[in-house]
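Novice: Sequence and predicted structure are below.
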Amino acid sequence: TFLLTEILNRIELPPFGAIPDKATMRKQGRSDWAVPHTEITISKVSKGPCEGQYLFTPKTVSQLESFYTRAKHLPCKPDSWENPYESFIFSPGQRIKVGIAYGTDIEAVEEILMKRARENELAANNPAPRVRFRAFGDSSLDFELPCWARRPEEKGRLIHSLNKEIYNALNKAGIIIPFPQRDVHLISSSETAPENN
């Protein structure tokens, strides 16, 4: 989404009235339309839940990074959102915090966290997820998994999904997520009462 916004903010687009609508496409017997002088193509979806809609083609989506590399030197148009992609990739992303018990194999923990992030279909590949060992906590070794959602509107689902998958994976591996424990010492009233002389 951000890459496409960056590209469209920088290249010359035809007047809105020159872009064919669904009725014009049907009248002309066409199923796709490309932004002039580019390979950015919108095509009618022939099957599936989006059948009948006009969407950017899978080929276009797969080439967005290449298109962006070729267009990023161009100035942004006035009043457009400037550099949304860079703002996104340099933002902290979603941070999944995990504490594990002292004595745990930290390499195994890192591998589990990375595997869950890389295999989650809601997580972005660029920026790539990463694992950081942040601190020696009072009750745990504290890890953090910064991870970005493919679409900003899906970050809530991503956090939910990763939390479930990480919890289940750690359980399966026998890795304990500790919780704070405190010792409470009770003193009886007889021990605190002043002695009578």
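Specialist: Sure, I can see it. Numbering: from 1, shown residues only.
Novice: CA atoms for contacts and neighbours, from now on please.
Specialist: Will do.
Novice: what residues are up against the residue nearest to the spatial centre of the chain?
Specialist: Central residue of the chain (CA atoms, centre = their mean): A149, 1.5 Å from the mean position. A149 makes contacts with G93, Q94, L122, A123, A124, K155, L158, as judged by CA atoms under 8 Å, 6 or more residues apart in numbering.
Novice: Scan those and report the most crowded one.
Specialist: Tallying neighbours with other CA atoms under 10 Å puts A123 at the head of the contacts of A149, with 26 neighbours.
Novice: State the phi and psi torsions of that residue.
Specialist: Dihedral pair for A123: phi -90, psi 140, per degrees, to the nearest 10.
Novice: wait, isn't it in contact with E154?
Specialist: No: counting by CA atoms under 8 Å, A123 does not reach E154; the two are 9.1 Å apart.
Novice: For stretch 103-116, list every residue counted as buried.
Specialist: Neighbour counts over stretch 103-116 (16 or more other CA atoms under 10 Å) mark V109, E110, I112, L113, M114, R116 as buried.
Novice: One more: stretch 64-80?
Specialist: Neighbour-count burial for stretch 64-80, counted by 16+ other CA under 10 Å, picks out L64, F67, Y68, A71, K72, C76.
Novice: State the helix or strand in which the third one lies.
Specialist: Here Y68 sits within helix 64-71, counting by DSSP states H and E.
Novice: name the helices or strands packed onto that helix?
Specialist: Contacts defined by 3 or more CA pairs under 8 Å, 6 or more residues apart in numbering; DSSP states H and E place helix 64-71 against helix 2-10.
Novice: List every C-alpha atom in the next helix or strand along the chain from the helix it packs on, with coordinates, as PDB.
Specialist: Following helix 2-10 in sequence order, the next helix or strand is helix 22-28 (DSSP H and E). Only the C-alpha atoms of helix 22-28 are listed here, as PDB (Å, rounded to 0.1, in the frame of the first residue of the first chain):
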ATOM      1  CA  LYS A  22     -16.300  -0.200 -15.300                       C
ATOM      2  CA  ALA A  23     -18.900   0.700 -17.800                       C
ATOM      3  CA  THR A  24     -16.300   2.100 -20.300                       C
ATOM      4  CA  MET A  25     -14.200  -1.000 -19.900                       C
ATOM      5  CA  ARG A  26     -17.200  -3.200 -20.600                       C
ATOM      6  CA  LYS A  27     -18.200  -1.100 -23.600                       C
ATOM      7  CA  GLN A  28     -14.600  -1.400 -25.000                       C
END
